[in-house]
Structure formats: C-alpha cells, structure tokens
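just to be clear, the model below is a prediction. Sequence and coordinates:
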Amino acid sequence: MPPRTLGPYEILAIVGRGGIGTVYRARHRDSGDEVALKLLAPPPACEPTAARRLAREFEALQELDHPNVVRVYETGVHEGYSFLAMELIEGLDLRSYLSPLLEDDLGGRFPPRPALRTQDLEAWSEEPDTESLFEPQDERSGAEALRAFADLLEEPETGACTPAFPEGLSFRPQGEKGTLVDARPVPADLAARLNGPGRLARLRDALRQVCDGLAYIHGRGLVHRDLKPSNIMVDDRRRVRLMDFGLVKMASDALHLTQHGKVVGTYRYMAPEQARGEPVDHRADLYSLGVILFELLCGRTPFSARRAPELWDQIISQAPPDILALNPGADRRLARLALRLLAKSPRERPQSAREVAGEVD
C-alpha cells in the first residue's frame, strides 16, 4: 500500500489497476490540480523492465501536445515507488462509451460514469511504509532516476516480456482448417442496439478522433503497440484520448526493452506480425484499430479463442468472419474498412491513420 502522500502529490482514490501497476487520482499539494498517478509496486514486486518502460513512456509523451493524446507531467522515484503523473481524464473508456446497453440517442448527455473505486484513506499511514532507496532523495530527476532505480533491482530487463510461441507450435497457411472462428450471428436485439443511428454517429466521431491521435504519434515515429478499448478514453466533452503508452516503440529506440522474438501487448488486439514477435511499424496499430472497429460493430472481437496458442493460431492463420454475415444491419462502409484493417499483411491494410479517417464518413 503506498503512502498517503507521494512527493508533491496527495493520493485520493484508486482509478484502476493494470498489469504493471495501479493508477490513482491524486492532487498536487501546491497547485491543487488533480492528476492521474501511475504507480509501480515497490521492491521486490517491481520489475526493472516496468520501471524502464515507465521512463520510456514519459520520454515518448513529454513533448507531445495533441488534443487526442494524454498529457504527461513528470516521472520519477519517491520512497521506493516509481511514478508517472499525467492528465486525469474524467470519462469512460471507449467500450463503455459505446456500450449498446446505453440509450441510442443520448440527447447531448454524456453517459453516466461508474463510481470511482475509493480506498479507505484512514488505512493509509501518513508515513511511508518503505525506506527510500535514495537517501537523501536522488537528485537525478525523471527518467534518469527511474533507470537508476531499475538498475538497483539487478533483475534481467526481459522479465516483463511474454514468451513467444511454445517451441514446436506451428501455424497453418491462411484458409487451412484450424481453430474454429466464432461465426454465430449477433442476436437480433443486440444488433438493433449496435446499429442505432445515435450510437453509429458517436462511433464515427470517436473513430475520427482516434485516427487523429494515431496520425499525430505515428508522424513522430511512435507506435503504440497496445491499442485497445480500455486504452482509449472519452471525456465529458466527448473528446477522445489515447492512453497507456507503456509499450510504445520509438523509431530511434536504443533501449531494446523488447527482444526480437518476444511478444508484448494484448493478444486479442495485436497484429499478426506482432504476435509472431517480428518488428512492427505504425500499421500494427491500424490492425488493432480494425479489431476495435470489428468489436464495436459486432459486439465481440473477430478472434475469441480462450487459450493463447489457439488465439495466436486464429490471429496468424485464420480469416476473420464476415461482419455483414454476423450483423447484416451493420454500416457497410465501416464493415469493409474493418476487414481491410484486419488484413494479415501490413501491405494490404490502409497505410496511414489519415487514410482510415478519410474512409470513416
């Protein structure tokens, strides 16, 4: 459990938990501004790769200024906790914002937010639970302090990587019989909600904004590598933000935090070349966008096997189901776009986020 205060920040509540840490709502004690504070667990739970990725996330985002990309403010280490302070987005993730269970026509109203999961603040000690690893506090700031912290842990950098395919696992050419892809039609009542005109208008608007954010980061040599609905937030003014750049790849990256042949990301949304552990470029993000669009049109992702080897097999070897066969009332233009984005070869996909945006309307 982190201390009640962390550097200049007072922790107020939990916003959410992820694979490598917890995000808190926090307030800067001097300015009074509220931020989202991503914290990694203190040693021995903290992995050095996670700390280095936090440093890389800050370095990738610190110079970015775009309405559809989350802003970051500072990073560092305090009392044994690695942290990243960023813009606090009041809103919903993309899946919740476009939930078919919401009213089709919101009449200008934003969908209600789920209540934040709050911590019992009285349970927090006013004093830190762990001694600082830097006594006095390390004078190095930001990313340098994070890397020094990671070096102190003396663990291999590849600890957070997910292994590539099990040895001996092979994949069939596309079209050969393999793991069955779910081709059951969408239930009629769900399809009616998915295809509502108000929801489709919100979907198009959000998709255009996602494309604007992707075009911006891709133009600066960045690849997100973990694009999925939970990493896309929509605020109370319906402005979209790309979030969670912990796996971002920089064209000039010399850190090699991901070894060739290693797989990182969220399997269900990753491109075939990413699933194979091959080098990726911005077109891998466009594939992930295709998975997201397919899900928003059909209510499920194109590949849904529960076991990782079967899911890899589907991503790499199997064609996605025909969207119009699953949901005959789906928007035909968006359905064609989603299937183009899901092409196995990067060369067969749209080649830029700007191109995708041009096909949304």
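Nice, thanks for sending it over. Computed from a predicted structure; not experimentally measured.

could you list the domains of this protein?
Per automatic domain parsing, the structural domains of the chain span 5-94+115-160, 188-358.

worst mean pLDDT among the ones you listed?
Out of the domains of the chain, the stretch the model trusts least by mean pLDDT is domain 5-94+115-160, with a mean of 68.

tell me the buried residues in the helix or strand containing residue 316?
Secondary-structure assignment from DSSP states H and E places residue 316 in helix 308-317. Neighbour-count burial for helix 308-317, counted by 16 or more other CB atoms under 10 Å, picks out 310-317. Heads up, the C-betas are built off the backbone N, CA and C, glycines and all.

closest to residue 79 among those residues?
Among the buried residues of helix 308-317, residue 311 lies closest to residue 79 (CB to CB), at 39.6 Å.

the closest one and residue 269 touch, don't they?
No. Residue 311 is not in contact with residue 269 according to CB atoms under 8 Å; the separation is 10.8 Å.

follow-up on the earlier one: run the chain-centre distance for the helix holding residue 316.
A distance of 20 Å separates the centroid of the chain from that of helix 308-317, by CA atoms, centre = their mean, to the nearest Å.

following the longest strand belonging to the chain, which helix or strand shows up next?
As assigned by DSSP state E, the longest strand anywhere in the chain is strand 9-17. Using DSSP H and E, the helix or strand that follows strand 9-17 towards the C-terminus is strand 22-28.

next, the contact list for the closest residue to residue 232 other than its chain neighbours, please.
If the residues on either side of it in the chain are set aside, residue 232 comes closest to residue 94, at 4.1 Å by CB to CB, 6 or more residues apart in numbering. Under the criterion of CB atoms under 8 Å, 6 or more residues apart in numbering, the neighbours of residue 94 are 206, 210, 229-230, 232-234, 240, 292, 296.

among the residues you listed, which lie within strands?
Among the contacts of residue 94, the ones falling in strands (DSSP E) are 232-234, 240.

and which of those residues is nearest to residue 71?
Scanning the ones in strands among the contacts of residue 94 for proximity to residue 71, where the rule is CB to CB, the winner is residue 233, at 12.4 Å.

could you give the bridge partners of the closest one?
Per DSSP bridges, residues listed as beta-bridge partners of residue 233: residue 93, residue 241.

okay, now it: neighbour count?
Number of residues near residue 233 (other CB atoms under 10 Å) recorded here: 23.

and it, how far from residue 6?
When distances are taken as CB to CB, to the nearest Å, residue 233 and residue 6 turn out to be 23 Å apart.

over to residue 39?
7 Å.

re the thing from before, would you reformat the contacts of residue 94 as CSV and include distance to residue 219?
Converted to CSV, the contacts of residue 94 look like this (distance: CB to CB, whole Å):
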residue, distance to residue 219
206, 20
210, 15
229, 23
230, 25
232, 19
233, 21
234, 23
240, 17
292, 21
296, 25
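
filter those to the buried ones?
Among the contacts of residue 94, those classed as buried by 16+ other CB under 10 Å are 206, 210, 229-230, 232-234, 240, 292, 296.

out of those, who's nearest residue 353?
Minimum separation from residue 353 among the buried ones among the contacts of residue 94 (CB to CB) is found for residue 210, which lies at 8.0 Å.

leaving out the residues flanking it, which one is nearest to that closest one?
residue 240 (5.8 Å).

right, and the one you found touches residue 231 too?
No. Counting by CB under 8 Å, residue 240 sits too far from residue 231 to count as a contact (11.1 Å).

list the buried residues for stretch 267-284?
Within stretch 267-284, the residues scored as buried using 16+ other CB under 10 Å are 267-277, 280, 282-284.

where along the protein do the strands fall?
Ranges of strands in the chain, per DSSP E, are 5-6, 9-17, 22-28, 34-39, 72-78, 81-87, 91-93, 222-223, 232-235, 240-242, 249-250.

can you say which of these is nearest to residue 101?
The minimum distance between residue 101 and the strands of the chain falls on strand 91-93, with 12.5 Å, by CB to CB.

centre of the chain versus that closest one, how much separation?
Centroid separation for strand 91-93 versus its chain: 13 Å, with CA atoms, centre = their mean.

for that strand, packing partners?
The contact analysis (3 or more CB pairs under 8 Å, 6 or more residues apart in numbering; DSSP states H and E) places strand 91-93 against strand 232-235.

what's the strand it packs on in contact with?
Outside of strand 232-235, the residues within contact range by CB under 8 Å, 6+ apart are 70, 89-94, 97, 206, 210, 240-243, 292.

max pairwise distance over those residues: which two?
In those, two members sit farther apart than any others by CB to CB. They are 90 and 292, at 21.9 Å.

going by neighbour count, which residues of the longest helix along the chain are buried?
Longest among the helix segments of the chain by residue count, using DSSP state H, is helix 197-218. The neighbour-count check on helix 197-218 (16+ other CB under 10 Å) flags 199-200, 202-203, 206-218 as buried.

same question for stretch 348-361.
Applying 16+ other CB under 10 Å to stretch 348-361 flags 349-350, 352-353, 356-357, 360 as buried.

then stretch 233-253?
Using 16+ other CB under 10 Å as the test for burial, stretch 233-253 gives 233-235, 240-249, 253.

closest to residue 80 out of these?
The shortest distance between residue 80 and any of the buried residues of stretch 233-253, using CB to CB, involves residue 246 and amounts to 19.7 Å.

for the closest one, what are its contacts?
Residues in contact with residue 246 (CB under 8 Å, 6+ apart) are 20, 50, 53-54, 57, 226.

and of those, the nearest to residue 14?
Distances from residue 14 to the contacts of residue 246, taken by CB to CB, are shortest for residue 20, at 15.2 Å.
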